[in-house]
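J.: here are the coordinates; sequence isn't available:
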């Protein structure tokens, strides 16, 4: 049986939606997790670099521990970007926690500390890392790393 190209496109889109939903459900149901975190890396030189940086951030146990502590510790996030092998200039990076920019041009910037702490301590958090060197974007999901996970 042959499919029309628009049928195939609709099927691919529907499959992507289902897979994204399943991935989110798995992260939200993770053992011992107290926070669900969406990490968005944007402005990367390429999609591959964006994925590389996002994966390094989301799998870092140091970053996951800072998520558990509700700590907007942007230095760990920036460090993991560097460890990822993605191309970027650390002096151009912007990092925000829940919409609160805590790092601009690779250094701490003035921000509402209470708002940043509240965002980092919320059950759901979005961390956006803008590398400012291209159009590559990637979003990956993770959770915090809590003592309950260790107990599990």
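T.: Now that the structure is in, tell me what you want to look at. All of these numbers come straight from a predicted model, not from anything done at the bench. Numbering: from 1, shown residues only.
J.: show me how far stretch 35-48 is from its chain's centre.
T.: 5 Å (CA atoms, centre = their mean, to the nearest Å).
J.: for it, give the mean pLDDT please.
T.: Stretch 35-48 comes out with an average pLDDT of 97.
J.: what of stretch 137-149?
T.: So the average pLDDT for stretch 137-149 ends up being 92.
J.: and it, end to end?
T.: 30 Å (CA to CA, to the nearest Å).
J.: buried sites along it?
T.: Judged by neighbour count (16 or more other CB atoms under 10 Å), stretch 137-149 contains these buried residues: 137-146, 149. Bear in mind the C-beta positions are built from the backbone N, C-alpha and C, glycine included.
J.: identify all contacting residues around that stretch.
T.: The contact list for stretch 137-149 (CB atoms under 8 Å, 6 or more residues apart in numbering) reads 23-24, 27, 30-44, 47, 50-51, 53-55, 57-59, 61, 64-65, 67-68.
J.: which of those fall within helices?
T.: If you go by DSSP state H, those have 23-24, 27, 47, 50-51, 53-55, 57-59, 61, 64-65, 67-68 in helices.
J.: just the buried residues out of the residues you listed, in PyMOL syntax.
T.: A single PyMOL command selects the buried members of the ones in helices among the contacts of stretch 137-149 (16+ other CB under 10 Å):
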select buried, resi 27+50+51+53+54+55+57+58+64+67+68
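J.: and of the buried residues of stretch 137-149, the nearest to residue 112?
T.: residue 144 (22.2 Å; CB to CB).
J.: the closest one and residue 109: what is the separation?
T.: According to CB to CB, to the nearest Å, residue 144 stands 24 Å off from residue 109.
J.: distance to residue 100 and secondary structure added to the buried residues of stretch 137-149, as TSV?
T.: Listed next are those as TSV, based on distance: CB to CB, whole Å; DSSP: H, G, I helix; E, B strand; the rest coil:
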residue	distance to residue 100	secondary structure
137	20	strand
138	21	strand
139	19	strand
140	20	strand
141	20	strand
142	19	strand
143	20	strand
144	18	coil
145	22	coil
146	23	coil
149	26	helix
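J.: I'd like the residues you listed laid out as CSV, including distance to residue 80.
T.: As requested, these are exported to CSV (distance: CB to CB, whole Å):
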residue, distance to residue 80
137, 17
138, 14
139, 16
140, 12
141, 16
142, 11
143, 16
144, 15
145, 14
146, 19
149, 19
